[in-house]
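# Provide a 3D model corresponding to the input given below.
(chains A, B, C and D)
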There are 2 protein chains.
Amino acid sequence: MRLAQLSEESGTSPASIKFYLRTGLLQPGVAINPTRADYGDGHVRRLRLIHGLRSTVGLGLEDVRRIVEASAGVETSRSRRLALLATVQSVVLRLDGDADAASPAGDALVQALAWPDEGSEARSAVNRHLAVMDAAGVGVGADVLEAYGRAADAIAAAQLAATDLRDTVEDFILTAAIGMHLHNQLILKIVALAQASQSIRRYGTGTAPDATGPGRP
Amino acid sequence: MRLAQLSEESGTSPASIKFYLRTGLLQPGVAINPTRADYGDGHVRRLRLIHGLRSTVGLGLEDVRRIVEASAGVETSRSRRLALLATVQSVVLRLDGDADAASPAGDALVQALAWPDEGSEARSAVNRHLAVMDAAGVGVGADVLEAYGRAADAIAAAQLAATDLRDTVEDFILTAAIGMHLHNQLILKIVALAQASQSIRRYGTGTAPDATGPGRP
DNA sequence: CATCATAAGATAGTCGAACTATCCTATTGG
DNA sequence: CCAATAGGATAGTTCGACTATCTTATGATG
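The predicted structure is shown next:
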């Protein structure tokens, strides 16, 4: 198909498509002659992936590029898909953070929950992050950590089950990334809810009667 | 103190301070004469708060403004601080999202965990978010939800304890906002770790030996 | 065979967010 | 008294992500 039709199918403006082509985010179509090129379903799927990662997950084009590049050549092989999942996690969750310290608490958690992890990027990211939190004066107790671990187990299972069913790589990535993102938001909101509840328990009604803020009638 | 010294103390460039003054994010100092103004500790704390919310939590200036405005006049009163906390949550967690549907699952969670919540913004945010997730094909089971709830309870307790000790409003806000943010990151990373572990359990070693991605030697 | 709409490709312009640099004026310490 | 500086206002910069325009070359039509 032509650029105009690709634009139709994917819901992306021709200008944006040209932009993605220029920056190499979208591979060029098959050039028929100097002024005509042919695009296929792969281009449509790729554009939908880009759009989803940008709008729903809120990634920047550089992050999208990293994921898209990692997806090259990965089709149905399970092991390749798992490697791809690791990349998606790394990008979406920014696992490759900068920290010189690391805490052993993450390793302890892995032991406590009998996870068969053997030194993954995620594990060192957890250890580094715990060190950062300690440094920021936001310590995390073992009990809290274990509560997280159990919740994480439940999420992970649901996530893996959901991603397992997808057939195209693009669907696979989108399901994984969007799932991560939505679960993330959900947890935050539940924590807010828990905080509101605990505030009530400790101090009575949360929103003060004398508050100047937006009131709930 | 003068603008130059305020810049020193707060670690903010004079140009940025002027910018914040212009946009009303920072209240003007006490004008001594048309060409001289006096700034105090409040200005320094305010600037540190702005900086922390921007750099650590990653908020935009509009969000910072909302929080800063909500903090006006709130000093030590417990009930006012709780109202402020609700605002901080609302901004940091984007609780005021747009969704026309709502799920009753959040209410069920509140019941299951015996939380004394009575229709807070957080609760409706959770209900709306669950509806969004359902719509996106990312369903959340009651078991997962309950695991979240228990983790959230632990976080909320730690958070409230941490914020309780602060004396200046700015510290209070920063502790709350940074705490939320760091806990959030932590959970995500732990989920990534759990996913890696479960992948290994299901399919053997996560990173495939034949993967073309970045290998761990 | 001429031609005119259209596509592909390249170049430059736009937009918002968050600053940053410059200019002008008034004052003030030496 | 007068150059150095503070404050305030205005305009310019940077970055990311496009968007609009301009150019050239077909290719279908008459």
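
# Strands along chain A, start to end?
Under the criterion DSSP state E, chain A contains strands at A:30-33, A:36-38.

# Could you break chain A into its assigned domains?
A:1-55, A:97-202 (automatic domain parsing).

# got the ones you listed as a markdown table, with distance to residue B:168 columns?
Where C-beta positions appear, they are placed from N, C-alpha and C, glycine not excepted. Formatted as a markdown table, these follow (distance: least, CB to CB, whole Å):
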| stretch | distance to residue B:168 |
| --- | --- |
| domain A:1-55 | 39 |
| domain A:97-202 | 15 |
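
# Out of those domains, point me to the one whose mean pLDDT is lowest.
If you rank the domains of chain A by mean pLDDT, domain A:97-202 sits at the bottom with a mean of 89.

# ends of it, how far apart?
37 Å (CA to CA, to the nearest Å).

# does any part of it sit near DNA strand D?
No. Using CB under 7 Å from any atom of the strand, domain A:97-202 stays clear of DNA strand D, coming no nearer than 14.9 Å.

# quick one on the thing from earlier: can you tell me which of the domains of chain A is most buried?
domain A:97-202 (a mean of 20; mean count of other CB atoms under 10 Å in any protein chain shown).

# Tell me the backbone dihedrals of residue A:120, please.
Dihedral angles of residue A:120 (phi, psi; degrees, to the nearest 10) stand at phi -80, psi 170.

# Now it: closest residue in space that isn't a chain neighbour?
residue B:196 (4.5 Å; CB to CB, 6 or more residues apart in numbering or on different chains).

# which residues of chain A fall in helices?
Assigned by DSSP state H, the helices in chain A fall at A:3-10, A:14-22, A:41-55, A:61-70, A:78-92, A:105-112, A:121-135, A:142-164, A:169-203.

# picking up where we left off before, isn't the residue nearest to residue A:120 right up against residue A:119?
No. Using CB atoms under 8 Å, residue B:196 is not in contact with residue A:119; the gap is 10.0 Å.

# Does residue A:198 touch residue B:160 like I think?
Yes. Counting by CB under 8 Å, residue B:160 is a contact partner of residue A:198 at 5.8 Å.

# sorry, back to before: same list (the strands of chain A) but as TSV, adding distance to DNA strand C.
Rendered in TSV, the data for the strands of chain A read as follows (distance: least, CB to the nearest atom of the strand, whole Å):
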stretch	distance to DNA strand C
strand A:30-33	5
strand A:36-38	5
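
# Of the ones you listed, which is nearest residue A:5?
strand A:36-38 (10.1 Å; CB to CB).

# That closest one pairs with which strands, parallel or anti?
Strand A:36-38 pairs in its sheet with strand A:30-33 (antiparallel), by DSSP bridges.

# roughly how far is the partner strand from the heart of the chain?
Distance of strand A:30-33 from its chain centroid, counting by CA atoms, centre = their mean, to the nearest Å, is 36 Å.

# same question, stretch A:119-137
Counting by CA atoms, centre = their mean, stretch A:119-137 comes out at 18 Å from the chain centroid.
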